[in-house]
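**Q** Below are the sequence and a predicted model; questions follow.
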Amino acid sequence: MALIRRDFFARSVHAVAPDLIGATFLFGGVGGRIVEVEAYHHTDPAAHSFGGRTERNAVMFGPPGFSYVYRSYGIHWCVNFVCEPEGSASAVLIRAIEPLEGLAKMRRRRGLDDDRLLCSGPGRVCQALGISRVHNGLPLDAPPFELHRRSRKAVEVAIGPRIGITKAVDQPWRYGLKGSRFLSKPFRA
DNA sequence: TATGAGATCAACT
DNA sequence: GTTGATCTCATAC
């Protein structure tokens, strides 16, 4: 499997996001196949970077190919991959993966046995892989991150509106692996 | 199946 | 003081 390098992310978020579906995402050797992501662009009212640079979203304004980790609802952590040329402040939110590597670790961290619920949601992904604040602003092409392109085999990518936001709710910027049972929510046909 | 509350924190008004 | 790019558990239908 080919390693994903930083320049992979130096494109439009809307090109990178569907390309990540089916890719392998490991963190410290734990993880699996990406089955669901959402794209956020700085011109998008739902994006953290929309209102300009702040201390929290600073890494979104940096070069592509880095991680942006933030706390959600005071409880959860969520990971993003920064995209596009530096300064465009765009990112892809990792919403769900299909757990494949380090299952025992993930089950222990999540306190769950049900593999379907291990990583089916942005907060769950971070809990299962052990990602938190400390991992904000790290390069994605160096440990503990490990990203592989999907195999040459084509995948069917489903598209739909994003989840859990109140602005720009109609933009179809959620991408998922069609028919996967590990999605945080099914896509409407 | 569906809705509702609670957990808990940092950015922003 | 209010509001989330959320999840879990409880209670109601």
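**A** Good, I have the coordinates. Residues are numbered from 1 along each chain as shown, chains lettered A, B, ... in the order given.
**Q** So A:Glu55 versus A:Asn136, what's the distance?
**A** In this view, A:Glu55 and A:Asn136 are 11 Å apart by C-beta to C-beta, to the nearest Å. Any C-beta I mention is one placed from the backbone N, CA and C, and that applies to glycine too.
**Q** Please apply the same query to A:Gly176.
**A** Taking C-beta to C-beta, one finds A:Gly176 at 25 Å from A:Asn136.
**Q** Pick out whichever of the two has more residues nearby.
**A** When neighbours are counted by other C-beta atoms under 10 Å, A:Gly176 comes out ahead of the other of A:Gly176 and A:Asn136, with 26 against 18.
**Q** residue ranges for the strands of chain A, please.
**A** A:24-27, A:30-40, A:67-72, A:76-83, A:90-101, A:145-148, A:157-160, A:174-177 (DSSP state E).
**Q** Include distance to A:Ala17 and mean pLDDT when you put those strands into a markdown table, please.
**A** Formatted as a markdown table, those follow (distance: least, C-beta to C-beta, whole Å; pLDDT from 0 to 100):
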| stretch | distance to A:Ala17 | mean pLDDT |
| --- | --- | --- |
| strand A:24-27 | 13 | 96 |
| strand A:30-40 | 4 | 96 |
| strand A:67-72 | 14 | 95 |
| strand A:76-83 | 8 | 96 |
| strand A:90-101 | 5 | 96 |
| strand A:145-148 | 14 | 96 |
| strand A:157-160 | 9 | 94 |
| strand A:174-177 | 5 | 95 |
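**Q** Can you say which of those is nearest to DNA strand B?
**A** strand A:67-72 (5.3 Å; C-beta to the nearest atom of the strand).
**Q** Just want the angle from the closest one to strand A:76-83.
**A** Comparing the axes of strand A:67-72 and strand A:76-83 via axes from the mean of the first three to the mean of the last three C-alpha atoms, to 10 degrees yields an angle of 150 degrees.
**Q** Check whether strand A:67-72 comes into contact with DNA strand B.
**A** Yes. Strand A:67-72 lies within reach of DNA strand B by C-beta under 7 Å from any atom of the strand, at A:Arg71.
**Q** Counting neighbours, which bits of that strand end up buried?
**A** Of all the residues in strand A:67-72, those buried under the rule 16 or more other C-beta atoms under 10 Å are A:67-70.
**Q** Neighbouring strands of it in the sheet, and parallel or not?
**A** Sheet partners assigned to strand A:67-72 using DSSP bridges are listed as strand A:76-83 (antiparallel).
**Q** Take the strands of chain A and lay them out in JSON lines including distance to A:Ile131.
**A** Formatted as JSON lines, the strands of chain A follow (distance: least, C-beta to C-beta, whole Å):
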{"stretch": "strand A:24-27", "distance to A:Ile131": "6"}
{"stretch": "strand A:30-40", "distance to A:Ile131": "10"}
{"stretch": "strand A:67-72", "distance to A:Ile131": "6"}
{"stretch": "strand A:76-83", "distance to A:Ile131": "5"}
{"stretch": "strand A:90-101", "distance to A:Ile131": "9"}
{"stretch": "strand A:145-148", "distance to A:Ile131": "10"}
{"stretch": "strand A:157-160", "distance to A:Ile131": "24"}
{"stretch": "strand A:174-177", "distance to A:Ile131": "20"}
